[in-house]
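Peer 1: With the input below, show me the fold.
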Amino acid sequence: MTKQNKLFAAGLTAGIVAIGAGYVYSQSNSQSPTQSQNQATPNSASATGNTSTADSKQAVTIAYQTGVDPAKLAQADKTYELTTQRDINWRKFDTGADVVAAISAGSIDIGNIGSSPLAAAATKGVPLQVFLVTSEIGEAESLVVRNASNIKTPQDLIGKKIAVPYVSTTHYSLLAALKHWNIDPNKVTIINLRPPEINAAWERGDIDATYVWEPVLSKVKATGHVLTTSKEVASWGSPTYDLWVARKDFAQKNPDFLKQFVKISTDATGKYSQDPKAFIGNASNVQKIAQITGSTPSDISTLLAGNRYLPVSEQQTLLQKPFADNIRKTAEFLKSQGKVDTVLADYSDFVTNQYLDSK
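Peer 2: Numbers count the residues shown, from 1 in each chain. Got it, this is the predicted structure:
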C-alpha cells in the first residue's frame, strides 16, 4: 500500500468507522448562519433529535454543507420548520466524511453529502439512504491551480501539492481527472484538508492546487485559475452528485417529514430553474443564500448556474436502479484507486424514491 493510500485509509476509518465519540463540526439553529462551533457534540438523545415514534414532534437534526443551491433560501426563510411544524437543529459540516461520521454515531437524522462519500459509506455498511438529489455537480466544484506555481497543463501537476478533502466528491473528481490525463496519483502529493484548512494553506502558499467548492472556491480563484471542473470530468464519464441522505431508522419513523422536506427542496430548485433571472434578480434571495453559505453575494448567480438541478420526474427514475448502479461504479473506481477495499454486489438498499411526489 502506498503512503497516500495508507493516509486515505486512515482518514476513511476516522471519518466513517471510528466515530462514536461525537466527532462533529456543527452549527446549531440558534447561531447565525455563518458561525461554526467546530467542537465535539455530545451523542445524547437531546443532541441527536432521534424519534421513538412515527412522525413525532421531536426536533430534527440536519447536517448541511456550504454548497450553493436554491434550497438554501428555504433554509434561510425557515420554510422547513414552518411547513413541517417541527423544530430543526441545522448543523454546518465541512465535509461529507464528517456528515457520514455523525450519521454513524447517530447524532444527526438527515445529512447533505456527495456521491463519493456516499459510495464509501454504503460500502462500509453505514445505515443511510439517499432520498433526494440536490444537484448534478458542474462548475461549482473545480480544480484550481495557483498562478505562482506555473501550472499551465495537467502534466505540470506532477511533483506538486494538491489539497482536497478525502472521501469527497472533489477527491473522486481529482482522481478521475488524473486518470483521464494518464497521471499516476503517486506522482503528485495529495493532501487531506477540509475547506477551511485549504483556505489557510492556500493563503500561506503551502499548496499548489486544490479541488474544492464554495466558499473557498471563489477565494482561491482570486489568485489562481481553473484547470478543470466537475462538469468536464462528468463529460469524461465520472459524474458526481450532491445528495440528501437520511438515517434508515429515522426515515422509517418519519416518512411524512421526509416527503415535506423533499417537496420544499424541489419547489425551491424548480422555482429557480423556471426563471433563474427572476430568482437572482431578487436581492433578498441572493443575500440570504450568501449568508447561509458564506459565499460572496456577487458570486451567487454564477455558483447557482454551476450545477444542474434535476426535476422530480427525472429524480424518480434516477433514484431507482440507475443511481444504485452509479454508486457501485463510483465504489469500483475508488477500489481501483486503492481507496476502498471491497465493492458490494448491489447498492439498491441505499437508494429510495418513495418520498418524491411528481404531482
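Peer 1: helices and strands of the chain: which one has the lowest mean pLDDT?
Peer 2: Every helix and strand in the chain was compared by mean pLDDT, DSSP states H and E; the lowest is helix 45-48, with a mean of 36.
Peer 1: how many other residues sit next to the nearest residue to Asp156 once chain neighbours are set aside?
Peer 2: Using Cβ to Cβ, 6 or more residues apart in numbering and skipping the chain neighbours, the partner closest in space to Asp156 is Asn150 (7.0 Å). Yep, even glycine has a C-beta here, placed from its N, CA and C like the rest. Neighbour count of Asn150, defined by other Cβ atoms under 10 Å: 10.
Peer 1: do you know how far Asn150 is from Lys160?
Peer 2: Per Cβ to Cβ, to the nearest Å, Asn150 is found 10 Å from Lys160.
Peer 1: As a check, name the ranges of all strands in the protein.
Peer 2: 60-64, 88-92, 110-114, 128-137, 142-146, 161-164, 189-192, 209-212, 224-229, 241-247, 307-308 (DSSP state E).
Peer 1: Would you mind measuring from the residue nearest to Asp156 to Tyr241?
Peer 2: Separation of Asn150 from Tyr241 (Cβ to Cβ): 34 Å.
Peer 1: show me where the stretch 151-300 of the chain has helices.
Peer 2: Along the stretch 151-300 of the chain, counting by DSSP state H, counting those that start in this stretch, helices occupy 169-180, 195-204, 216-221, 230-235, 248-253, 255-274, 276-281, 283-293, 300-304.
Peer 1: Would you format those as TSV with distance to Thr352, mean pLDDT and mean neighbour count included?
Peer 2: Output for the helices of the stretch 151-300 of the chain, formatted as TSV (distance: least, Cβ to Cβ, whole Å; pLDDT from 0 to 100; neighbours: other Cβ atoms under 10 Å):
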stretch	distance to Thr352	mean pLDDT	mean neighbour count
helix 169-180	21	95	24
helix 195-204	29	97	18
helix 216-221	31	94	22
helix 230-235	24	96	21
helix 248-253	8	96	17
helix 255-274	9	97	19
helix 276-281	29	96	13
helix 283-293	27	96	19
helix 300-304	27	93	20
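Peer 1: Can you lay out those as JSON lines showing distance to Asn186?
Peer 2: JSON lines is the format used below for those (distance: least, Cβ to Cβ, whole Å):
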{"stretch": "helix 169-180", "distance to Asn186": "10"}
{"stretch": "helix 195-204", "distance to Asn186": "21"}
{"stretch": "helix 216-221", "distance to Asn186": "24"}
{"stretch": "helix 230-235", "distance to Asn186": "20"}
{"stretch": "helix 248-253", "distance to Asn186": "38"}
{"stretch": "helix 255-274", "distance to Asn186": "40"}
{"stretch": "helix 276-281", "distance to Asn186": "42"}
{"stretch": "helix 283-293", "distance to Asn186": "35"}
{"stretch": "helix 300-304", "distance to Asn186": "33"}
